[in-house]
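**Q** sequence below, structure please.
(one chain, ligands or ions: 1)
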Amino acid sequence: MSCAVMAQTLIKNVRLIDGSGNTPQSNVSILIKADTIAAILPAGSKLPAATQTLDMGGSTIMPLLVSAHTHLGLIKGNTSTAANYTEANVRRQLQQYLHYGVGTVMALGTDHPLIFPLRDLSRKDSLGGARLFTAGYGFGVQGGVPPDAFGADIFRPNTPAEAVADVQKLAALHPDFIKIWVDGNPRMQPVIYQAIINEAHKQNIKVAAHVFYLEDARNLVKDGIDLLAHSVRDKEIDNALINDMKAKGVFYIPTLSLDEYNFIYAGQPVWMNDPFFINSLEPGVWKMLNSDDYRAQQQQDQQRDAKMRAFIIAVTNLHKLDSAGVNIAMGTDSGAFPVRAQGFSEHLELQLMVEAGINPLKVITYATANGARLLGISSYEGTLAAGKKADFMVLDGDPVTDIKNTRNIIAVWKNGKKQD
Ligand SMILES: [Zn+2]
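**A** Below is the predicted model:
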C-alpha cells in the first residue's frame, strides 16, 4: 500500500498510559497509519490532517494486556478436558481474551497439534483474537502432574535421554517456550528438568516452570530456568534466591488470582454479580459457583486453611520480589479450569497485584511492557509509542486511581482497527 492511499486515523483528547511506566499524560493525540502508531503527539502539538479524526473526550488509553500464563481449548461448560480441544474452541477463546482487553496470550503446555498452524497464522496477523504464543506440549511426570485429562500429547520422560529426545521433537515444531511441571506428586527429578533446560537452551528456547515450593524454585533458578510461572507458596523467598533471579534475569509470574479462586468461593466474592465476571464464564459455571452444594464443598475443604496460607505467602513473596526489582510479568492460569475465567482473571490479577502493595502504574507495566519483553515482542507490542502496533484499549476512568477501571472497557483496538 502506498503512503498516499494509506488510511490515517488521528485519535485526539486522550489520557495516555503508555505501558513503560511513564507518568500518564493528558490531552495526547495518537496518529495511526495502517496497523502502526505513526506518532504520539503531546498536548499543544500542531495536529496533522488525517483520513478520520476521533475525539476520545479525555478517555484513558493503555496497551492491551499480555497474559503470559494461560491455557486454551480445554474448558467448555463445566468441564476441562482435552476432548474440548478443537480449532473452533481455541479461536473462540482467543476472541474472548481480546474482547476483555487481553491482546496477547501464551498457552503454557496443554496444546495439541492444531495450535502450531494457528500460531503461524497469528504471527502473520491473519488469525484474529488475542496474539497467540504457545509452549506446545509441556513436560510432566508419569502419575503426577498435569492431570491425564489434559491430553496424551504431554511428554512424561522417565530418563534424561528421553527428555532430550522429547525436547528435540518439540523443538522441530518451533514452540515459543517450553513448559515443565515440577511440583506434583511425584515431583519431577532434577536430572530430568536439568536435561530439558539444557537441551531447550541448546535449541534457543526458553523454559517456564510450574512451581510451588521454595526448594524447587531455588534449584530451577540455579539450573537456568527462564520463568517461574507461579508464585512460591510454601515459604518466604530469601535474599539468596532473589539475588540469583536478578543476576540471571529470571521472570516471575505470581498467578495470585488462581490462588484466590482456590478458597474465595466458600463465601461470596464481591464480583459475583458483576456482569464483567458473569459474561466471562462458560455456560453453567456461574450457577455451579452459586449452588449450595458447591459452596458447602468449598467450606468443608480440608485444604482450605493451607490454600489461604499459600495465597498469603504468595502475596508476601510478590511484594518482596517487586521491591527487589526482579522481572515480573502477568499471568493467571486462566482457561485451565472453568472457575478460572478467561479475561476476567487477568483484570482480577491486576487488582490483586495492586492489593499486594504495588503501585498501579508499575502493575500495568508488568502486565504490558514486561510481558512483551518476556515473549521477545517488545519491538512491536507492550508499549504505546511511534513504531509500535496500534493495539490498545480505551477505558472509562483512570486505572492509576483505581485499578478496577481496567474493567471499564469502551473499545479494544488491534492492528489499528477498532474491534467489534
Ligand atoms: Zn498453567
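**Q** so what's the residue of the stretch 1-150 of the chain found nearest the ion scoring on pLDDT?
**A** Using CB to the ion, the single residue of the stretch 1-150 of the chain nearest to the ion is Leu108, 4.9 Å away. In this view, the C-beta of every residue, glycine as well, is placed from N, C-alpha and C. In this model, Leu108 is scored at 98, pLDDT.
**Q** how much space separates it from Thr332?
**A** 11 Å (CB to CB, to the nearest Å).
**Q** so what sits against both of the two?
**A** Residues touching both Leu108 and Thr332 by CB atoms under 8 Å, 6 or more residues apart in numbering: 69-70.
**Q** that older thread, hmm, the residue of the stretch 1-150 of the chain closest to the ion is touching Ala229, no?
**A** Yes: if you go by CB atoms under 8 Å, Leu108 and Ala229 touch, sitting 6.1 Å apart.
**Q** quickly list what's touching both of these two.
**A** Here Leu108 and Ala229 have 69, 179, 208, 210, 331 as joint contacts, going by CB under 8 Å, 6+ apart.
**Q** need the contact list for the last one.
**A** The contact partners of Gly331, taken as CB under 8 Å, 6+ apart, are 67-70, 106, 108, 229, 253, 255, 349, 371.
**Q** ok, the nearest residue to Met308 once chain neighbours are set aside - how many residues close by?
**A** Nearest-residue entry for Met308: Phe263, 5.2 Å, with adjacent residues in sequence omitted and distances by CB to CB, 6 or more residues apart in numbering. Phe263: 20 surrounding residues under other CB atoms under 10 Å.
**Q** renumber starting at 58 from here on
**A** All set: I'll call the first residue 58, so the last point we hit is now Phe320.
**Q** give me the distance between Phe320 and the ion.
**A** Phe320 sits 18 Å away from the ion, going by CB to the ion, to the nearest Å.
**Q** hang on, that residue in a helix?
**A** Yes: under DSSP: H, G, I helix; E, B strand; the rest coil, Phe320 falls within a helix.
**Q** who touches the residue in the chain positioned nearest to the ion in this structure?
**A** Going by CB to the ion, the ion is nearest to Asp390 of the chain, at 4.2 Å. Taking CB under 8 Å, 6+ apart as the criterion, Asp390 is in contact with 126-128, 165, 287, 312, 314-315, 397, 402.
**Q** reformat the residues you listed as CSV; add secondary structure and distance to Ala206.
**A** Shown next, in CSV, are the contacts of Asp390 (DSSP: H, G, I helix; E, B strand; the rest coil; distance: CB to CB, whole Å):
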residue, secondary structure, distance to Ala206
His126, strand, 19
Thr127, strand, 18
His128, coil, 12
Leu165, coil, 16
His287, coil, 20
Thr312, coil, 20
Ser314, helix, 22
Leu315, helix, 18
Arg397, coil, 15
Ser402, helix, 20
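**Q** so what's the residue nearest to Met365 up against?
**A** If a contact means CB under 8 Å, 6+ apart, then Phe320 has 355, 358, 361, 364-365, 368 as its contacts.
**Q** same question for Lys446.
**A** Contacts for Lys446 (CB under 8 Å, 6+ apart) come out as 92-94, 437-438, 471-473.
**Q** filter those down to the ones in strands?
**A** Using DSSP state E, the subset of those located in strands is 93-94, 471.
**Q** have a look at this protein and report its longest helix.
**A** helix 361-381 (DSSP state H).
**Q** what's it in contact with?
**A** Contact partners of helix 361-381, identified using CB under 8 Å, 6+ apart, comprise 269, 288-294, 299, 302-303, 309, 311, 313, 316-317, 319-320, 323, 355, 358, 385, 409-410, 412-415, 419.
**Q** mind checking the SS state of the most centrally placed residue in the chain?
**A** Closest to where the C-alpha atoms of the chain average out (CA atoms, centre = their mean) is Ser124, at 1.4 Å. Three-state call for Ser124 (three-state DSSP): strand.
**Q** now it: how far from Val289?
**A** As judged by CB to CB, Ser124 and Val289 stand 20 Å apart.
**Q** same thing with Thr440?
**A** Noted for Thr440: a distance of 29 Å to Val289, by CB to CB.
**Q** between those two, which is the more surrounded one?
**A** Legend: neighbour count by other CB under 10 Å for Thr440 and Val289, higher for Val289 (27 against 21).
**Q** was I right to think that one contacts Phe269?
**A** Yes: with contact taken as CB under 8 Å, Val289 and Phe269 are classed as touching, separated by 7.3 Å.
**Q** the ion contacts on the protein?
**A** 165, 390 (CB under 5 Å from the ion).
**Q** at 8 Å what do you get?
**A** Within the chain, the residues that sit near the ion (CB under 8 Å from the ion) are 126-128, 165-167, 203, 236, 267, 286-287, 312, 390, 393.
**Q** returning to that earlier point: among the contacts of helix 361-381, the buried ones, what's the ChimeraX command?
**A** Buried members of the contacts of helix 361-381, defined by 16 or more other CB atoms under 10 Å, are picked up in ChimeraX with:
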select :269,288,289,290,291,294,299,302,309,311,313,316,317,319,320,323,355,385,409,410,413,415
